[in-house]
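>>> Generate coordinates for the sequence data below:
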Amino acid sequence: MNGGLDVGVVDLVFKNAKTDISVKIPENTTSTVIKKFPFTCRKYHETEMTLRGQKFKPLAKETHPNSLSVT
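Next up, the predicted model:
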């Protein structure tokens with residue numbers, strides 16, 4: 001990638017959002033062409049759990065919508 005970083009996924013972060021949004025960047029993409037990328041939304045349970053000493057929030061729902069509207 002012309003000496004730049006090789007990025008495969010971009011996570012979008014919005015203040016106070018309850019959903020994680022990730023955009024997968026396809027290989028061999030050029031910045032000169034406008035493209036629509038698919039993305040994944042993940043919503044996690046509010047309750048934190050512990051497994052083998054690691055705390056995490058279990059995944060409640062994963063979706064792959066066609067568009068994104070953020071308010």
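
>>> What strand or helix carries the residue nearest in space to the middle of the chain?
The central residue of the chain, meaning the one whose C-alpha is nearest the mean C-alpha position (C-alpha atoms, centre = their mean), is residue 22 at 1.3 Å. Following DSSP states H and E, the helix or strand that holds residue 22 is strand 19-24.

>>> average model confidence for whichever helix or strand comes after that strand?
On the C-terminal side of strand 19-24, the closest following helix or strand by DSSP H and E is strand 39-44. Taken as a whole, strand 39-44 has a mean pLDDT of 90.

>>> hang on, the earlier thing: quick one, the strand holding residue 22 and strand 39-44 angle?
Note on geometry: by axes from the mean of the first three to the mean of the last three C-alpha atoms, to 10 degrees, strand 19-24 and strand 39-44 are set 150 degrees apart in direction.

>>> starting at the chain centroid, how far to strand 19-24?
Between the mean C-alpha location of strand 19-24 and the chain-wide mean there is a distance of 2 Å, by C-alpha atoms, centre = their mean, to the nearest Å.
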